[in-house]
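Visitor: fold the following and give me the result.
(chains A, B, C and D)
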Number of protein chains: 2
Amino acid sequence: MNILEKIKNELDTFSKSERKVAEVILSSPNTVIHSSIAALAKQANISEPTVNRFCRRLDTKGYPDFKLHLAQSLANGTPYVNRHVDENDTAEEYTSKIFESTMANLELARKSLDPTSINRSVDVLTQANKLSFFGLGASAIVARDAQNKFFRFNVPVICFDDILMQRMSAINSRQGDVVVVISHTGRTKSLVEVATLAKENDATVIGITTKDTPLAKECSIVLSVDVSEDTDLYMPMASRIAQLALIDVLATGFTLRRGSKFRDNLKKVKDSLRSSRFDRKD
Amino acid sequence: MNILEKIKNELDTFSKSERKVAEVILSSPNTVIHSSIAALAKQANISEPTVNRFCRRLDTKGYPDFKLHLAQSLANGTPYVNRHVDENDTAEEYTSKIFESTMANLELARKSLDPTSINRSVDVLTQANKLSFFGLGASAIVARDAQNKFFRFNVPVICFDDILMQRMSAINSRQGDVVVVISHTGRTKSLVEVATLAKENDATVIGITTKDTPLAKECSIVLSVDVSEDTDLYMPMASRIAQLALIDVLATGFTLRRGSKFRDNLKKVKDSLRSSRFDRKD
DNA sequence: AGAAAAATGAAATTTTATTTCATAATTATG
DNA sequence: CATAATTATGAAATAAAATTTCATTTTTCT
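Guide: The predicted model follows:
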């Protein structure tokens, strides 16, 4: 996490002297990265060891390491993650905040993904007789997007965002079928049931969800996508975008596994759309 | 200027020993920022003063200052956009590449958005009698997502991904209606026609598309979302994610415009979903 | 109020970076 | 192609910066 943010967040857990250092740093971080520990200590009217302890408290190895982190925070321009949208933000401000928090959450999501599980998922997907993608609400669109992608691969793929159709489909699944269940919370009852049904009918169940949730427990493979929840303003935002990026990863893994001839095919699918479009002049 | 770039540029003006240092730095900059001058000197098989001179040559005050610059270069992220997925990539590699290029493209998209147009769009959206979102293919899911969001605001909102329904809907639109047409290419014939029909029937047409396209020309307001095309592997990837982030921006703008009471309402909508979910233990 | 715990800073120590200066390598010149 | 001039380099010395130790002060908890 961005160290400037971290300082802001932990401001009230600091001791009196530590807060003095924090204030100096926050008020002019750009000066600090060019100061020695002695200069900073003097500026904050505290001793050098206190500055050093302050740095360690923030999980850095010491003052020079702390400066490195600080420099990186500053380089990123405006610090990312928990920049919350504010009542009085201009269009430019909230646009930036939303994009930045989306990017930060993608970074989080990437870190939370386990390459081994992705690899296994790609294995299973490439070998499937039939693919099903199920989601509800915001995750329904992720399922649809997956359908749109995998359909191009010329494999049997279905997608439902209707509880009953999902159940029927799950009950009719069999060995060799792959069911991908998408739910950020992992707690949507009907989806958990669908996962259970599919599993009982010998389908391989891949869950795109948060780890350690009821849904995760029902899945053969869990692809956990962590995002920082509190950036969502009462509606799914970063979560569905991270899920879509994961769909891209799975689709890419799929095409890589299938080899280069297969990719020529994809080009054909894309080219087939050409007649529906206006030509480019350039 | 980015110091890593600078090192690359000036590589041939360096002396033999300096080049050794440069190579070590370029090959693993992330290790270097955590190394002492002694460690780096040893790694490059040259003496400490040489490292120091190398730093000064690059207009830094000395080794620690150089590390600061280096840290900042690294923080800006290697300009990832063009990191293409390769045939032999491991799951971890292509996952990182896809996430990184998605992030880079979000950054591009953000820069291409015009705050004024966003503001006008939010204006228009908050005052609309009826909202319609139209898209096809990958953009259809963006339209659905928008519907899912705006529906929570308790405004009349429709969404079609069927050409005929879109046309009928456009023909029936009237003054005070807002039609949002989504197409990355901006060249999908039927969508351009829908935009034209809607405009002819006095609806306000907002286009989420690339600027200077046939679709853009038909719109009252263009929200241009630029992404680097060549990251898409024969299927829409970054483009739809950037569009979704834009939907988040519009939805956020909408809620801000409507004030705080309105946001309590959103919470209610979210809470209404609770009974469909398994409880959290924590 | 008074003991225990935590926070703080002065001084000593250690680590790290820089300067100085002698030597080696390279380049230019007759 | 020798040799002077220039430039590059590293060993050792010095300087600077950071960290540790430990005694003192402040805070917190009975």
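Visitor: spatially central residue for chain A, please.
Guide: A:Ala109 (2.8 Å; C-alpha atoms, centre = their mean).
Visitor: what helix or strand is that residue on?
Guide: A:Ala109 belongs to helix A:91-112 when assigned by DSSP states H and E.
Visitor: same for that helix, what does it pack against?
Guide: Judged by 3 or more C-beta pairs under 8 Å, 6 or more residues apart in numbering or on different chains; DSSP states H and E, helix A:91-112 is in contact with helix A:238-258, helix B:91-112, helix B:115-127, helix B:238-258. For the C-beta atoms, the positions are set from N, CA and C on the backbone; glycine is no exception.
Visitor: hmm, the residue nearest to the centre of chain A is touching A:Ser228, no?
Guide: No: with contact defined as C-beta atoms under 8 Å, A:Ala109 does not reach A:Ser228; the gap is 9.7 Å.
Visitor: what residues are shared contacts of the two?
Guide: A:Ala238 (C-beta atoms under 8 Å, 6 or more residues apart in numbering or on different chains).
Visitor: next up, the contacts around the residue in chain A positioned nearest to DNA strand D.
Guide: Distances between chain A and DNA strand D by C-beta to the nearest atom of the strand are smallest at A:Gly62, namely 1.9 Å. Residues in contact with A:Gly62 (C-beta under 8 Å, 6+ apart) are A:52, A:55-56.
Visitor: okay, now the unreliable bits of the stretch 51-200 of chain A?
Guide: A:76-84 (pLDDT under 70).
Visitor: which parts of it are helices?
Guide: For the stretch 51-200 of chain A, helices defined by DSSP state H, counting those that start in this stretch occupy the ranges A:63-75, A:91-112, A:115-127, A:138-151, A:163-171, A:189-200.
Visitor: can you give the distance of the fifth one from its chain's centre?
Guide: The one in question is helix A:163-171. Helix A:163-171 sits 28 Å away from the centroid of its parent chain (C-alpha atoms, centre = their mean, to the nearest Å).
Visitor: surely A:Ala140 meets A:Asp161?
Guide: Yes: taking contacts as C-beta under 8 Å, A:Ala140 lies within contact range of A:Asp161: 3.6 Å.
Visitor: higher neighbour count, the two?
Guide: A:Ala140 (22 against 17; other C-beta atoms under 10 Å in any protein chain shown).
Visitor: show me the contacts for the more buried one.
Guide: A:161, B:144, B:148.
Visitor: state the number of residues packed around the residue nearest to the last one when sequence neighbours are not counted.
Guide: For B:Asn148, ignoring the flanking residues on the chain, the nearest one in space by C-beta to C-beta, 6 or more residues apart in numbering or on different chains is A:Ala138 at 5.9 Å. The number of residues packed around A:Ala138, counting by other C-beta under 10 Å, is 23.
Visitor: do I have it right that A:Ala138 meets A:Ile241?
Guide: No: the pair A:Ala138 / A:Ile241 is not scored as a contact, 9.8 Å apart, by C-beta under 8 Å.
Visitor: for the closest residue to A:Arg144 other than its chain neighbours, grab the count of nearby residues.
Guide: Spatial nearest neighbour of A:Arg144, chain neighbours left out: B:Ile141 (5.0 Å); criterion: C-beta to C-beta, 6+ apart. By the criterion of other C-beta under 10 Å, B:Ile141 has 27 neighbours.
Visitor: give me the subset of the contacts of A:Gly62 that also touch DNA strand D.
Guide: Among those, proximity to DNA strand D is found for A:52, A:55 (C-beta under 7 Å from any atom of the strand).
Visitor: most surrounded residue in the contacts of A:Gly62?
Guide: That'd be A:Cys55 among those, by other C-beta under 10 Å, with 23 neighbours.
Visitor: skip the chain neighbours and tell me the closest residue to that one.
Guide: In space, A:Cys55 is closest to A:Phe66, 3.8 Å off (C-beta to C-beta, 6+ apart).
Visitor: list the contacts for that neighbour?
Guide: A:3, A:54-55, A:58, A:60.
Visitor: so it versus DNA strand C, what's the distance?
Guide: 14 Å (C-beta to the nearest atom of the strand, to the nearest Å).
Visitor: returning to that earlier point: give me whichever of the helices of the stretch 51-200 of chain A is most buried.
Guide: helix A:138-151 (a mean of 24; mean count of other C-beta atoms under 10 Å in any protein chain shown).
Visitor: domain parsing for chain A?
Guide: Taking automatic domain parsing as the reference, chain A has its domains at A:3-75, A:114-262.
Visitor: how long is the shortest one end to end?
Guide: Across its full length, domain A:3-75 reaches 12 Å between end residues, using C-alpha to C-alpha, to the nearest Å.
Visitor: and that domain, how far out from the chain's middle?
Guide: 30 Å.
Visitor: now the last one
Guide: Taking the mean C-alpha point of domain A:114-262 and that of its whole chain, the gap between them comes to 15 Å (C-alpha atoms, centre = their mean).
Visitor: if we can go back for a sec, what residues are up against the residue nearest to B:Asn148?
Guide: A:Ala138 neighbours (C-beta under 8 Å, 6+ apart): A:184, A:235-236, A:239-240, B:145, B:148.
Visitor: from DNA strand C, how far out is it?
Guide: A:Ala138 is 43 Å from DNA strand C, by C-beta to the nearest atom of the strand.
Visitor: equivalent analysis for A:Ile206, please.
Guide: 47 Å.
Visitor: am I right that that residue sits in a strand?
Guide: Yes: according to DSSP: H, G, I helix; E, B strand; the rest coil, A:Ile206 belongs to a strand.
Visitor: tell me how many other residues crowd it.
Guide: 26.
Visitor: ok, now A:Lys16?
Guide: Neighbour tally, A:Lys16, other C-beta under 10 Å: 8.
Visitor: and it, how close does it get to DNA strand C?
Guide: Applying C-beta to the nearest atom of the strand to A:Lys16 and DNA strand C gives a distance of 4 Å.
Visitor: so what's A:Ser121 up against?
Guide: Contacts of A:Ser121 by C-beta under 8 Å, 6+ apart are A:206, A:221, A:223, A:250, A:253.
Visitor: go again using 7 Å as the cut-off
Guide: The contact partners of A:Ser121, taken as C-beta atoms under 7 Å, 6 or more residues apart in numbering or on different chains, are A:206, A:221, A:223, A:250.
Visitor: now pLDDT too, for these, in JSON lines please.
Guide: As requested, the contacts of A:Ser121 are arranged in JSON lines below (pLDDT from 0 to 100):
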{"residue": "A:Ile206", "pLDDT": "97"}
{"residue": "A:Ile221", "pLDDT": "96"}
{"residue": "A:Leu223", "pLDDT": "96"}
{"residue": "A:Leu250", "pLDDT": "94"}
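Visitor: if we only consider these, which is nearest to chain B?
Guide: A:Leu250 (9.6 Å; C-beta to the nearest C-beta).
Visitor: so that closest one makes contact with A:Arg120?
Guide: No: A:Leu250 lies out of contact with A:Arg120 (C-beta atoms under 7 Å); the separation is 11.1 Å.
Visitor: and the host helix or strand of A:Ala22 with chain B, contact?
Guide: Assessed by DSSP H and E, A:Ala22 sits inside helix A:16-27. No: using C-beta under 7 Å from any C-beta of the partner chain, helix A:16-27 stays clear of chain B, coming no nearer than 14.8 Å.
Visitor: tell me who's in contact with the residue nearest to A:Arg144.
Guide: A:141, A:144-145, B:240 are the contacts of B:Ile141 under C-beta under 7 Å, 6+ apart.
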